[in-house]
Every structure is written in C-alpha cells, then in structure tokens.
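Novice: Structure for this input, please:
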Amino acid sequence: MDTTATDPDRAGWYEIRLQGRLDARWAARFDGMALTIDDGCTLLAGRVVDQSALYGVLQQLRDLGLPLVSVRQVETPQPDDDHRNLT
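Specialist: Residues are numbered from 1 along each chain as shown. I've put the predicted structure just below:
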C-alpha cells in the first residue's frame, strides 16, 4: 500500500503554482524541481523528500515575493505533463 498521500513525513511528488513568472535560472535553487511557465503562472513540480523539505521550498518561494496560488501533492508525475525530476 502506498501511504505517500496520507503520511506527510514521507517523500512525495508536489506541484506548487505561483502567480507571476519565475525565471528558469531559479530551478537549481529548488532541489531539481522542474519549473514551467504557463498563462502568467509558474509551476514547480517534483519530488520532495519530506514535509520539512516542503516547508523549506515554500520559505524560499515566500522570500521571492511571488504569490502562492496552490500546493498540491500528487501520487506520481502526470504522464501528459512536461515535468521531470532532475535529481
């Protein structure tokens, strides 16, 4: 049984959507998460090792000043999306 979605301390895949555009050069700051821009929003997607690491990513994003639109844990990367884990 996969408990990733129910246990916040386990690794999981996340999609974090921000309002505004974050330049692709920032992707290296987010532990290899894929960064895409669409319709004026930035989407970070990738694997996060635990909830503490997720909070670290969210703190970095807060410091950049882009409004947070959503944070979503997904079971696995979506095959139709152009996201990849770079770690």
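Novice: the strands in the chain, which residues?
Specialist: 12-19, 34-38, 41-48, 68-74 (DSSP state E).
Novice: As a markdown table, those strands with mean pLDDT would be great.
Specialist: Shown next, in a markdown table, are those (pLDDT from 0 to 100):
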| stretch | mean pLDDT |
| --- | --- |
| strand 12-19 | 94 |
| strand 34-38 | 90 |
| strand 41-48 | 93 |
| strand 68-74 | 94 |
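Novice: Determine which stretch of these is the most buried.
Specialist: Most buried of those, by mean neighbour count (mean count of other Cβ atoms under 10 Å): strand 41-48, with a mean of 21. No exception for glycine: its C-beta is placed from N, CA and C like everyone else's.
Novice: In terms of secondary structure, what does that one contact?
Specialist: The contact analysis (3 or more Cβ pairs under 8 Å, 6 or more residues apart in numbering; DSSP states H and E) places strand 41-48 against strand 12-19, strand 34-38, helix 51-64.
Novice: redo that, cut-off 10 Å
Specialist: strand 12-19, strand 34-38, helix 51-64, strand 68-74 (3 or more Cβ pairs under 10 Å, 6 or more residues apart in numbering; DSSP states H and E).
Novice: Just the angle for the second one relative to strand 41-48, thanks.
Specialist: Between the axes of strand 34-38 and strand 41-48, defined by axes from the mean of the first three to the mean of the last three Cα atoms, to 10 degrees, the angle is 160 degrees.
Novice: Direction included, what does strand 34-38 pair up with?
Specialist: strand 41-48 (antiparallel) (DSSP bridges).
Novice: neighbouring contacts of stretch 17-28?
Specialist: Identification of contacts with stretch 17-28 by Cβ atoms under 10 Å, 6 or more residues apart in numbering yields 29-30, 33-38, 40-46, 60-61, 64-72, 86.
Novice: same thing with stretch 54-70?
Specialist: Residues contacting stretch 54-70 (Cβ under 10 Å, 6+ apart): 8, 12, 14-22, 26, 29-31, 33, 41-44, 46, 48-50, 71, 73.
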